[in-house]
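**Student:** Fold the following and give me the result.
(2 chains)
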Amino acid sequence: AQSVTQLGSHVSVSEGALVLLRCNYSSSVPPYLFWYVQYPNQGLQLLLKYTSAATLVKGINGFEAEFKKSETSFHLTKPSAHMSDAAEYFCAVSEQGAQKLVFGQGTRLTINP
Amino acid sequence: GAVVSQHPSWVICKSGTSVKIECRSLDFQATTMFWYRQFPKQSLMLMATSNEGSKATYEQGVEKDKFLINHASLTLSTLTVTSAHPEDSSFYICSARVGGPNTEAFFGQGTRLTVV
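**Tutor:** Here you go, the predicted model:
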């Protein structure tokens, strides 16, 4: 069964600094990968997804992620953090042919002024 | 994008009672819906996959008699927490996909259950 690991339960960066949130998956066949964001007391919103097209995926709010098969990674980045980026970020995976979505542990992003 | 609506957004119930949570796909038909549980400051744990017109598929360790799932129509799935206890207090979230595993999953706003 596939799984996904997010390294770092809490990441803190300064406003304007680079944001890097790490995600690694374990699957013999490259799965479909997603990044979701959850603001306090709200549902999840899709940031971006990888579905075997381009390895560099651009999402909403200036975020992007790069799929690296050799490293089984799908790290999320943003060049310049904004205060409004403070939220919980989840990496998720679906195996090809499987409908269910499995989530990583989540990373809480804090932005310092 | 597609809209998934959950109701209620929060509920407080007494220990021993049952609580029903509804999940509706408002502008699309969902043959499959998913129920997650989220503890404070933790990730979403998949509880079960709800299939329209058939029995739900539960994840390992989830009590199917405790968490009853019914998917009676293509737009409605319900989760009933039976004989609730304080340890069942949690944030419950449903989701649905319009297409296959390479498509976006849409999430309800969640239901915060508190059992007193």
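**Student:** Now do the same contact list for the residue positioned nearest the centre of chain A.
**Tutor:** Most central in chain A under C-alpha atoms, centre = their mean is A:Trp35, positioned 3.6 Å from the mean C-alpha point. Listed by C-beta atoms under 8 Å, 6 or more residues apart in numbering or on different chains, the contact partners of A:Trp35 are A:21, A:23, A:46-49, A:59, A:63, A:65, A:74, A:76, A:89-92. Placement of C-beta: from N, CA and C, glycine included.
**Student:** Would you check which of the residues you listed are in contact with chain B?
**Tutor:** Applying C-beta under 8 Å from any C-beta of the partner chain, the subset of the contacts of A:Trp35 adjacent to chain B comprises A:46, A:49, A:90, A:92.
**Student:** before we move on, what SS does the last one have?
**Tutor:** The three-state label for A:Ala92, taken from DSSP: H, G, I helix; E, B strand; the rest coil, comes out as strand.
**Student:** any idea how far it is from B:Lys66?
**Tutor:** 25 Å (C-beta to C-beta, to the nearest Å).
**Student:** Pick out whichever of these two has more residues nearby.
**Tutor:** A:Ala92 (25 against 14; other C-beta atoms under 10 Å in any protein chain shown).
**Student:** What residues are bridge-paired with the more buried one?
**Tutor:** In this structure, A:Ala92 bridges to A:Phe34, A:Phe103 when assessed by DSSP bridges.
**Student:** again, but for A:Ser26
**Tutor:** Beta-bridge partners for A:Ser26, by DSSP bridges, are A:Ser3.
**Student:** what do you get for A:Leu44?
**Tutor:** Assessed by DSSP bridges, A:Leu44 has beta-bridge partners A:Gln38.
**Student:** List the contacts of it.
**Tutor:** Shown in contact with A:Leu44 (C-beta under 8 Å, 6+ apart): A:36-38, A:90, B:44, B:93, B:95, B:107.
**Student:** All set now, cheers.
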